[in-house]
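> sharing a model that was predicted from the sequence below.
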Amino acid sequence: MAELKGEKKEYRTTVDGLPVKEFYRPEDLQEAEVDPGLPGEYPYTRNIRPDGYRGRLWTMRQYAGFATVEETNKRYKYLYQQGQTGFSVAFHLPTQEGYDSDHPLAAGEVGRCGVAIDSLQDMEELWDGIPLAEVSTSMTINATAPVLLAMYAAAAEKQGASIDQLAGTVQNDILKEYIARNTYIFGPAPSMRLVTDLCAYCAENMPRWNPISISGYHLREAGATAAQEAAFTLADGITYVEAMLNRGLDVDSFAPRFTFFFAAYTNILEEVAKYRALRAAWAKIMKERFGAKNPRSMMMRFHVQTDGFTLTGQQPLNNIVRVTLQALAAVLGGAQSLHTNSFDEALSLPSEQAVQVALRTQQIIAHESGVADTTDPLGGSYCVETLTGRLEEEIDRYLQAIDDMGGALEAIKRGYIQREISRSAYDYQMAVDSGEQVVVGVNRFTSAEPHAITPLEIDESVEQKQVARLRKLREERDNGSVRKALDEVRKTAGTEENIMPALITAVKSYATVGEISDALRDVFGEYREPNII
Amino acid sequence: MADKRIKVLIAKPGLDGHDRGAKVLAQGLRDAGMEVIYLGLRLSPEEIAESSIQEDVDVIGLSCLSGAHMALFPKTVKLVREKTDKDVIFLGGGIIPEKDIPKLKEAGMTEIFGPGTPISQITRLIREKVK
């Protein structure tokens, strides 16, 4: 393919990103009326705590899961031995979308992009040898989050833990599913009910659990700019807070446990500015819009994943460099938790060698680079402070537009958010195809040799193995209890009662993800989003 | 192709929800003057085949990033070939290991386009192959 040398027409952080000056001066800060304050001080632009990573290093939390629980349990133990400090569960698509491994739509999908979990039996075996009372676990699960949290809690109880000891997070962010990620099952109204049922249940019963991880990562992956990623996520956050308030809960009773999840792109300057702008914007929203009194309601805590879309299938070792820059951005930006992608990201799920390098990237930044030894080290930089202020303005602009539409749910219904993202994605593709945006190894500095990477393979026998296990479970369990439990789920779904207790009973009877989801489908129906380009 | 625009159907079979590439390509092909039907996601091979026949498309583009392509792409090809003699072009994209590409081509896929493919490359191939 011909090497492209597109001309840079103007300097921006990213395609459609912020314009960047040749150099910044103190006057830029005065003009922008920047006053970032101090770490630990409202609005927390510089960090939510003055001691930063000295007080608490970020959690090294590698998203992992594939094939069946045996392989995944082994990988989790490997990652822990290699020094990760938190778990992060990737479920295969059938579990995420409420199908059992033997459902027709699950054909070919079993164990492919996450671990196959059909029942509590699988969940128990997933954590074999791992004491849930002592670890922190994040589960990337949304439409079926209440079911999987019920399973996790039940598995922990079986180990002898009490659920109020459990530390972790469920993603439980359905709005971004409608916008970008697409693993929703039900329509917006019943889905919001499930989301807030889970949050309310945790506020009462699981004080160490983060019941939601309001996500911008997937919006960024779908093509959003940094400003859009930030603004649309906060718009979703506002909608969730409002939904909880509409249940009669006091904002300070749940907001301290709300968390967020963002991408880390390769442009370090813009990413650091983004995280700083986000902290300030959310703090002001919580204080001014919602009247929060507890400072912890105003302190944004977030997980970061380095951006998968930026990683290439061509010259995969280059991805190690990209991930390093992105991880550095996350750390300079003060993330509480971090996943670093593996260099084989564009080829397959991570091999053991690749994920080790990804983890080492975090460890080297933590222990050899010095950037974790002082809080918000880029604070005061003429460039970063100016970009922070500019991003906060962009965020406010978008939030105003969404407010005028009636909020995030309405904006999603109208397709506004989806179209903004889709347009940015197309702009980016045009910039790459013209050569204006250089992607090393793809449109410049290419090479003809194929890569020497052996990608991880998921054997076809995984599906047969899982289906066999599932069928055996269905024969051996007490199907009378299962039927009764599913009836109770349906009944509760039809009332305004919190769904969680009925789900916990159902998972303990070894009802499956598919069966419980079908019971909910019986009451809520299934949703099909219109195609919006 | 003087009078009739090339008609392309783009769809995501199976459970995978990563639709950025499929949507960007749909826009790109439209900008190149083709008629594009974006069928969406969470579709069965049967649904895709049915719509393709109804719409009498020239090209079917399938996208899958979840690893289920071997179960879904050949099946879709087979269902379409059963229902029509028209020489429909089958294109695939997503996360598809290199070792699977020969098998997919044997099963009737015309070409597989992985990450990093410029839209112009796809447009060129379509114009070459569609008579």
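Received it, and whenever you're ready, just let me know what you need.

> which of the residues in stretch B:77-95 are classified as buried?
By neighbour count with 16 or more other Cβ atoms under 10 Å in any protein chain shown, stretch B:77-95 contains the buried residues B:Val77, B:Leu79, B:Val80, B:Val88, B:Ile89, B:Phe90, B:Leu91, B:Gly92, B:Gly93, B:Gly94, B:Ile95. Yep, even glycine has a C-beta here, placed from its N, CA and C like the rest.

> check stretch A:164-176 too.
Quick answer for stretch A:164-176 (16+ other Cβ under 10 Å): A:Leu166, A:Ala167, A:Gly168, A:Thr169, A:Val170, A:Gln171, A:Asn172, A:Asp173, A:Ile174, A:Leu175, A:Lys176.

> average pLDDT for it?
In this model, stretch A:164-176 has an average pLDDT of 98.

> may I have it as CSV, with CA atoms only?
Backbone C-alpha positions of stretch A:164-176 (Å, rounded to 0.1, in the frame of the first residue of the first chain) are rendered in CSV as follows:
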residue,chain,number,x,y,z
ASP,A,164,-21.4,-6.7,53.5
GLN,A,165,-17.7,-7.6,53.4
LEU,A,166,-17.6,-7.8,49.6
ALA,A,167,-15.6,-5.1,47.7
GLY,A,168,-15.9,-4.6,44.0
THR,A,169,-17.9,-3.0,41.2
VAL,A,170,-20.5,-4.0,38.6
GLN,A,171,-20.6,-1.9,35.5
ASN,A,172,-24.4,-1.8,35.5
ASP,A,173,-24.6,1.2,33.0
ILE,A,174,-27.4,0.5,30.6
LEU,A,175,-27.5,3.9,29.0
LYS,A,176,-24.1,3.5,27.3
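
> which residues does A:Val135 contact?
Shown in contact with A:Val135 (Cβ atoms under 8 Å, 6 or more residues apart in numbering or on different chains): A:Gly86, A:Phe87, A:Ala167, A:Gly168.

> in the stretch 201-350 of chain A, what residue spans correspond to helices?
Counting by DSSP state H, counting those that start in this stretch, the stretch 201-350 of chain A has helices at residues A:217-221, A:226-246, A:251-254, A:268-284, A:295-298, A:318-332.

> the ones you listed: which one's closest to chain B?
In terms of Cβ to the nearest Cβ, the element of these nearest to chain B is helix A:217-221, at 7.0 Å.

> the chain: strands as residue ranges?
Using chain A here. A:59-64, A:86-90, A:136-140, A:167-170, A:209-210, A:212-215, A:258-264, A:302-306, A:337-339 (DSSP state E).

> the intended chain is chain B.
Using DSSP E, the strands assigned to chain B run over residues B:7-13, B:35-43, B:59-64, B:89-94, B:111-113.

> would you mind measuring from A:Gly52 to B:Thr110?
A:Gly52 sits 55 Å away from B:Thr110, going by Cβ to Cβ, to the nearest Å.

> confidence score at A:Ala452?
On the pLDDT scale, A:Ala452 gets 85.

> give me the number of residues near it?
By other Cβ atoms under 10 Å in any protein chain shown, the residues close to A:Ala452 number 7.

> quick one: it from A:Val439, how far?
For A:Ala452 relative to A:Val439 (Cβ to Cβ), the value is 21 Å.

> about what we covered before: wait, which of the contacts of A:Val135 is closest to chain B?
Checking the contacts of A:Val135 one by one against chain B (Cβ to the nearest Cβ), the nearest turns out to be A:Phe87, at 22.1 Å.

> spell out which parts of the stretch 401-533 of chain A neighbour chain B.
A:422, A:425-426, A:429, A:432-433, A:439, A:442-443, A:450, A:455, A:457-458, A:528-529, A:531, A:533 (Cβ under 8 Å from any Cβ of the partner chain).

> got the buried residues for stretch A:459-473?
Applying a neighbour-count criterion of 16+ other Cβ under 10 Å, one finds A:Val462, A:Glu463, A:Lys465, A:Gln466, A:Val467, A:Arg469, A:Leu470, A:Leu473 buried in stretch A:459-473.

> average pLDDT across that stretch?
Stretch A:459-473 comes out at a mean pLDDT of 97.

> with stretch A:297-314 instead?
So the average pLDDT for stretch A:297-314 ends up being 97.

> end to end, how far does that stretch reach?
For stretch A:297-314, the first and last residues are 44 Å from each other (Cα to Cα, to the nearest Å).

> neighbour count winner among A:Gly52 and B:Thr110?
A:Gly52 (22 against 18).

> gap between the more buried one and A:Leu166?
In terms of Cβ to Cβ, A:Gly52 sits 26 Å off from A:Leu166.

> ok, A:Val384 next?
A:Val384 is 38 Å from A:Leu166, by Cβ to Cβ.

> do A:Ala506 as well
Distance from A:Ala506 to A:Leu166, by Cβ to Cβ: 19 Å.

> circling back to that earlier point, would a markdown table of the helices of the stretch 201-350 of chain A with distance to chain B and mean neighbour count be doable?
Converted to a markdown table, those look like this (distance: least, Cβ to the nearest Cβ, whole Å; neighbours: other Cβ atoms under 10 Å in any protein chain shown):
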| stretch | distance to chain B | mean neighbour count |
| --- | --- | --- |
| helix A:217-221 | 7 | 27 |
| helix A:226-246 | 14 | 24 |
| helix A:251-254 | 28 | 18 |
| helix A:268-284 | 20 | 25 |
| helix A:295-298 | 32 | 19 |
| helix A:318-332 | 11 | 23 |
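
> would a markdown table of those with distance to A:Leu347 be doable?
Converted to a markdown table, these look like this (distance: least, Cβ to Cβ, whole Å):
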| stretch | distance to A:Leu347 |
| --- | --- |
| helix A:217-221 | 17 |
| helix A:226-246 | 25 |
| helix A:251-254 | 41 |
| helix A:268-284 | 25 |
| helix A:295-298 | 42 |
| helix A:318-332 | 10 |
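
> other SSEs contacting the lowest-mean-pLDDT helix or strand in chain A?
Lowest by mean pLDDT, DSSP states H and E among the helices and strands of chain A is helix A:26-31, with a mean of 89. For helix A:26-31, the elements it packs on are helix A:382-405, judged by 3 or more Cβ pairs under 8 Å, 6 or more residues apart in numbering or on different chains; DSSP states H and E.

> same question for the helix it packs on, mean pLDDT?
97.

> any buried residues in it, and which?
Those would be A:382-392, A:394-395, A:398-399, A:402, A:405, for helix A:382-405 by 16+ other Cβ under 10 Å.

> what of stretch A:360-369?
For stretch A:360-369, by 16+ other Cβ under 10 Å, it's A:Thr361, A:Gln362, A:Ile365, A:Ala366.

> contact partners for the second one?
Meaning A:Gln362. Counting by Cβ under 8 Å, 6+ apart, A:Gln362 has contacts A:Trp58, A:Met60, A:Ala327, A:Leu338, A:Thr340.

> wait, which of the residues you listed is closest to chain B?
Nearest to chain B among these, counting by Cβ to the nearest Cβ, is A:Thr340 at 19.0 Å.

> burial of that closest one, as a residue count?
Using other Cβ under 10 Å: A:Thr340 sits among 28 other residues.

> near the residue lying closest to it once chain neighbours are set aside, how many other residues are there?
Distance criterion Cβ to Cβ, 6 or more residues apart in numbering or on different chains; nearest residue to A:Thr340, sequence neighbours excluded, is A:Ala358 at 4.2 Å. Other residues near A:Ala358 number 27, with proximity taken as other Cβ under 10 Å.
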